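Novice: Compute the structure for the input listed below.
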Amino acid sequence: MPDFPKPGILFYDITTLLKDPAAFRNLTDELTARYQAHRIDKVVGIESRGFIFGGVLAGRLGAGFVPVRKPGKLPADCFEVKYSLEYGSNTLAIHRDAIGAGERVLIVDDLLATGGTAEATVSLVRQLGGEVVALDFLVELKSLKGRDKLAGYTVHSTILYS
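Specialist: Next comes the predicted model:
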């Protein structure tokens, strides 16, 4: 989708995958198989499409689900972190009691672009004492080198675009 959400941005829409029951089931089956043996305590979903995959995956793995949201969207006391993205900056928040020290965390989102959102989420998880086991994305835009900001972490992307 060209020029969404702002002029000059090429948005990669995943709604065609989401509306296809077989494709959605196959993806969630693949994700479940990939992380089944990793003893995940919490799945962190990044607003908002990370909620879709993260919630399903948490249920299948027997883990808790933790939403990472924009400021003002979570009702309890939060940690916040500001970050840069390809078309500006933003802030993310997480409940201070969402993750316990030493809990094993999987971070899930739909897209890895410049890596700012994922890097900020890693920072939030670490502030709470969580151990980031892996980060998983449906789509990765390799040319934006977001993976570079996640050096030292296991990163998986299902679909890679140059």
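Novice: can you give me the end-to-end distance of stretch 32-40?
Specialist: End-to-end distance of stretch 32-40: 11 Å, with C-alpha to C-alpha, to the nearest Å as the criterion.
Novice: Could you check how far that stretch is from the centre of its chain?
Specialist: Offset of stretch 32-40 from its chain centre (C-alpha atoms, centre = their mean, to the nearest Å): 16 Å.
Novice: pLDDT wise, what is Leu141 at?
Specialist: As predicted, Leu141 sits at a pLDDT of 95.
Novice: Run a quick neighbour tally on it.
Specialist: Applying other C-beta atoms under 10 Å, we find 22 residues neighbouring Leu141. Every C-beta, even on glycine, is put in place using the N, C-alpha and C of the backbone.
Novice: distance of it from Gly102?
Specialist: Here Leu141 is placed at a distance of 33 Å from Gly102 (C-beta to C-beta, to the nearest Å).
Novice: Please point out which parts of the lowest-mean-pLDDT helix or strand in the chain sit buried.
Specialist: Lowest on mean pLDDT, DSSP states H and E among the helices and strands of the chain sits strand 78-85, with a mean of 88. With burial defined by 16 or more other C-beta atoms under 10 Å, the residues of strand 78-85 counted as buried are Cys78, Val81, Tyr83.
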